[in-house]
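J.: Predicted model and sequence follow; I will ask about them next.
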Amino acid sequence: MSIDKLKRAQKNKNDEFYTRYEDVANEMQHYAQYFVHKTIYCPCDNINSAFTKYFIDNFSKFALKKLICTSLNGQLITYNGTTIRQTQLDGDGNMFSNECEQYFKECDIIITNPPFSLFKDFINYINQFKKQFILITTLLSLGWRDIFPHIHSKEWKLGINGRTMYFNIPDDMDIINPKILKYDENGNKQLPLPNVVWLQNIADIRHNPPLKLTQKYSPDKYPKFDNYNAINVDKVKDIPSDYYGLMGVPISYLYKHNDEQFEIVWIAQGWINKWCNENQEMKETIGYDHSKTLFSGGQAFLNQKAKFSRILIKQRIGYNHIKEDKGGAPMVNKSAKFYKLLIQRK
């Protein structure tokens, strides 16, 4: 990890988005059972961080073992439930340093909001420690080569909250449209950022209801991509209920994915072209053929025009999309039947 890159992120005002206390609280409450007797490390957080404050306030509630926080001002904070200890690190708090490495090794769970510009470096770095984590990132990052395979394998999952989140920002950050700002009770600026997600590898806690699909498939309405054996669906709400082949949907579909209803087969993204050279089986599954376009990237193309990131999904056969009005109960003449065992004669 380049020290210069870290210093640029530290000085870059457009990379300073500080998580609000209420957003930390709204997400962390869903992991209470997984925090018991655990050491939590927040590697981007000083004494004023919402993460630091929240875990100090709720240390006993979660029955934590220890809290460790470090920050780029060289501050080290530890808390054992009785005493908050603040000291200075020997170095500057570089989370990729040998000094901070000991805390990654000591902890059970890593929880923070790393600088957005360093997220790829950060996730690759902490992956070597094989620890549990809860992180804030962008929706688009879920399509990266370093991340999507873990989403596909269900190792990494979305948290509960996300989409548009407000972040505290420095007073001197330049904002093109100040009207979108709001202010807290102390007059601090808060900026809304769209397409923000919590990424975690602790538990499958997000259970989306099945999508109610009303559209019917037709070749004219849902043309196939030039370079994938999949139809294009521009909006999640327009997924056809009667199509069982491969479909390319916007990456925002991940917010609404129901694994009983759809299978995530793969992704159409720029890095796929080289990746498919080493993964022929998946290449055949998704019907990828880069020779069908004038470009070398792995994006999905429609009439030689690139479409933004597409998640390739398939409807699970036997799942009733149209009559799913009663939470999965069997329907007869639009009326839900009480518990039914589904059996088959041998």
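T.: Structure received.

J.: Got phi/psi on the nearest residue to Tyr255 once chain neighbours are set aside?
T.: Leaving out its chain neighbours, the residue that sits closest to Tyr255 by Cβ to Cβ, 6 or more residues apart in numbering is Arg163, at 6.7 Å. (Glycine included, C-beta is placed from N, CA and C.) Arg163 adopts backbone torsions of phi 70, psi -120, taken as degrees, to the nearest 10.

J.: how many neighbours does Arg163 have?
T.: Per other Cβ atoms under 10 Å, the neighbour tally for Arg163 reads 12.

J.: any idea how far Gln86 lies from Glu16?
T.: Counting by Cβ to Cβ, to the nearest Å, the separation of Gln86 from Glu16 is 22 Å.

J.: So for the two, which residue has more residues nearby?
T.: Legend: neighbour count by other Cβ under 10 Å for Gln86 and Glu16, higher for Glu16 (17 against 12).

J.: List the contacts of the more buried one.
T.: By Cβ atoms under 8 Å, 6 or more residues apart in numbering, the contact set of Glu16 is Ile169, Pro170, Met173.

J.: Lys314 too?
T.: Tyr244, Gly245, Leu246, Met247, Phe262, Glu263, Val265.

J.: Name the secondary structure element that contains the closest residue to the fifth one other than its chain neighbours.
T.: Spelled out, that is Phe262. Nearest residue to Phe262, sequence neighbours excluded (Cβ to Cβ, 6+ apart): Ile313, at 4.7 Å. Using DSSP states H and E, Ile313 sits in strand 310-315.

J.: now swap in Val249 and tell me
T.: Of the helices and strands defined by DSSP H and E, Val249 is found in strand 246-250.

J.: now the angle between strand 310-315 and that strand, please.
T.: With axes from the mean of the first three to the mean of the last three Cα atoms, to 10 degrees as the basis, strand 246-250 and strand 310-315 are set at 130 degrees to each other.

J.: Which residue ranges of the stretch 1-150 of the chain form strands?
T.: Secondary structure of the stretch 1-150 of the chain by DSSP state E, counting those that start in this stretch: the strands cover 18-19, 39-42, 66-70, 75-79, 84-88, 109-112, 132-138.

J.: Those: which one's closest to Gln29?
T.: Among the strands of the stretch 1-150 of the chain, strand 132-138 comes nearest to Gln29, with 11.9 Å by Cβ to Cβ.

J.: This completes my enquiry, with thanks.
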